[in-house]
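J.: Output the structure for:
(one chain, ligands or ions: 2)
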Amino acid sequence: MRRDTLDAVSPNVPADLASLELAQLEDFVESLGHRRFHARQIYRWIWQKGAADTAGMTDLPRDLRDTLAAQAAVRSPRVVRRDRSEDGTEKFVLRLQDGRQIESVFIPDTPSQTFCISTQVGCAMGCAFCLTGQMGLLRNLTAGEIAGQVRVLARELDMLQVPFNIVLMGMGEPLHNYDETMKALRMLADPIGLGLSPRRVTLSTVGLVPMLDRLSAEPLMPNLAVSLHATTEAQRAAIVPTTRKYSLHDILDACRRFPLAKRSRITFEYVLLQGVNDRAEDARRLARLLSGIKGKVNLIPLNATPGIPFDRPSDERIDQFARILAEKSIAVSVRKSRGRDIRAACGQLIVEGQGRRSPAQQLAEAL
Ligand code: SAH
Ligand code: SF4
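T.: Ligands and ions are numbered 1, 2, ... in the order given. This next block holds a predicted model:
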């Protein structure tokens with residue numbers, strides 16, 4: 001077996017078939033003394049039919065099925081709670097193998113069907129307006145757990161055969177869990193499985209510059225969304241602590257050199273906080289900063305929540321900000337908040353009661 005497969009399967013614990021890429025699964029099947037092509041059948045069962053165990057994989061030889069029953073498992077995050085909003089948005093609380101909990105959200109008809117997926121339990125980046133940031137980082141998700149959210153949601157919603165988009169905008173900073181996130185995207189993209197094209201995936205990041213450069217060389221390139229939120233270094237440092245290490249200036253430079261497919265643009269996310277970054281001069285400065293970059297702006301009026309020391313600007317203020325950008329020929333949209341009544345909206349994802357270390361200490365370690 002290759003080294004990466006050996007890392008993924010340990011002799012003492014049943015191998016988790018749902019955390020292996022197809023090539024790793026082929027190695028594993030071969031290591032059991034069977035033909036490699038059976039891996040394709042297993043992959044199909046897991047990723048196209050949503051199989052939750054090996055018992056029902058009826059087209060496999062009997063002895064392979066018996067071996068798998070003894071030595072392998074198909075691990076899936078378990079749905080412990082499912083809430084449906086008035087607007088059709090559904091929030092899933094999922095329990096992982098070690099008891100940790102994460103949240104994933106289904107957002108219907110935007111106009112596409114979209115799954116908002118988590119990449120970490122909590123987040124170490126500590127943005128001042130984000131509840132997940134207040135949790136601190138509890139741990140990274142594995143590729144199996146990241147891709148597993150998609151499989152579980154598609155199965156629960158009966159959407160295994162329906163096209164959908166993925167946004168990596170749930171809990172966590174995807175570029176702070178780079179390798180597992182990329183492996184999950186490869187697992188989801190495999191045509192033997194869900195065949196999810198990277199064009200249907202949007203990765204949202206706070207802007208970890210070295211990782212942005214690494215992303216720019218990936219063969220499977222998701223769409224990129226960068227959380228900007230401010231127009232001066234001081235303003236950004238006050239609400240996004242990572243700015244102290246990766247300046248606004250450096251992030252925008254990384255965006256300028258980021259290779260974009262034809263007709264594709266970087267989305268710049270901008271959370272609007274009343275009296276902090278929502279003035280006309282902020283809008284004008286944002287337009288200037290973005291000139292010459294193939295980008296569009298997605299304004300996200302703050303989802304105000306107890307514990308977050310900011311307010312949402314008025315609708316007039318939001319409209320004025322958007323109008324100024326549009327007048328400067330910047331493509332702009334205002335994100336409609338979905339699922340607020342079930343706390344499924346941006347920045348509201350937190351699973352209470354999961355003890356944590358100090359977020360400030362974690363940020364220091366992460367940077
Ligand atoms: N860590 C990544 C992706 C997860 S956060 C990132 O920061 O980009 C996804 C989006 O939700 C980000 O743009 C983030 O700034 C936004 N967000 C966080 N808290 C929010 C809040 N309280 N209201 C509105 N948007 C919020
Ligand atoms: Fe982490 Fe993103 Fe929240 Fe910032 S906004 S704390 S990077 S999840």
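
J.: average pLDDT across stretch 169-187?
T.: When pLDDT is averaged over stretch 169-187, the result is 98.

J.: what do you get for stretch 102-116?
T.: For stretch 102-116, the mean pLDDT works out to 93.

J.: Could you check how far that stretch is from the centre of its chain?
T.: Centroid separation for stretch 102-116 versus its chain: 12 Å, with Cα atoms, centre = their mean, to the nearest Å.

J.: Need the residues that contact that stretch.
T.: 77, 88-94, 96, 117-118, 121, 141, 145, 149-150, 152-154, 157, 159, 162-167, 169-171, 338-339, 344, 349-351 (Cβ atoms under 8 Å, 6 or more residues apart in numbering). To be clear about C-beta, it is placed using only N, CA and C from the backbone, and glycine gets the same treatment.

J.: Tell me the buried residues within those residues.
T.: In these, burial by neighbour count holds for 77, 89-94, 96, 117-118, 121, 141, 145, 149-150, 152-154, 157, 159, 164-167, 169-171, 338-339, 344, 349-351, counting by 16 or more other Cβ atoms under 10 Å.

J.: The residues you listed in helices, which ones?
T.: Among the buried ones among the contacts of stretch 102-116, DSSP state H puts 145, 149-150, 152-154 in helices.

J.: Just want the residue of the stretch 151-300 of the chain that's nearest ligand 2.
T.: Distances between the stretch 151-300 of the chain and ligand 2 by Cβ to the nearest ligand atom are smallest at Val206, namely 3.8 Å.

J.: Pull out whichever of the buried ones among the contacts of stretch 102-116 are also neighbours of ligand 2.
T.: Within the set of the buried ones among the contacts of stretch 102-116, contact with ligand 2 (Cβ under 6 Å from any ligand atom) is found for no member.

J.: so who does the closest residue to Arg285 other than its chain neighbours touch?
T.: Excluding its sequence neighbours, the residue lying closest to Arg285 (Cβ to Cβ, 6 or more residues apart in numbering) is Thr231, at 3.9 Å. Thr231 makes contact with 248, 277, 282, 285-286, 289, according to Cβ under 8 Å, 6+ apart.

J.: For Thr231, which three-state class applies?
T.: coil (DSSP: H, G, I helix; E, B strand; the rest coil).

J.: and if you look at Val105?
T.: strand.

J.: quick check: domain ranges of this structure?
T.: Domains of the chain are assigned by automatic domain parsing as 3-73, 78-366.

J.: so who does Glu26 touch?
T.: So Glu26 contacts 36, 39-40 (Cβ under 8 Å, 6+ apart).

J.: Would you mind measuring from the closest residue to Gln41 other than its chain neighbours to ligand 2?
T.: Spatially, and ignoring its direct neighbours in sequence, Gln41 is nearest to Asp59 (5.6 Å; Cβ to Cβ, 6+ apart). Separation of Asp59 from ligand 2 (Cβ to the nearest ligand atom, to the nearest Å): 42 Å.

J.: number of nearby residues for Asp59?
T.: 10 (other Cβ atoms under 10 Å).

J.: Over in this protein, which residue gets nearest ligand 2? Let me know.
T.: Scanning the chain for proximity to ligand 2 using Cβ to the nearest ligand atom identifies Gly133 as nearest, at 2.7 Å.

J.: how about that residue, secondary structure?
T.: At Gly133 the chain is in helix, as set by three-state DSSP.

J.: That one and Cys127 touch, don't they?
T.: Yes. The pair Gly133 / Cys127 is scored as a contact, 4.6 Å apart, by Cβ atoms under 8 Å.

J.: circling back to that earlier point, enumerate every residue touching the residue of the chain closest to ligand 2.
T.: So Gly133 contacts 123, 125-127, 359 (Cβ under 8 Å, 6+ apart).

J.: Rank these by pLDDT and give me only the lowest.
T.: Among these, Pro359 has the weakest pLDDT, 57.

J.: Which parts of the stretch 151-300 of the chain are strands?
T.: Using DSSP state E, counting those that start in this stretch, the strands assigned to the stretch 151-300 of the chain run over residues 165-168, 201-205, 223-227, 266-272, 295-301.

J.: which parts of the stretch 101-250 of the chain sit against ligand 2?
T.: 123, 125-127, 130, 132-133, 172-173, 206, 227.

J.: Out of these, which is nearest to Ser19?
T.: Closest approach between these and Ser19, by Cβ to Cβ: Gly172, at 17.5 Å.
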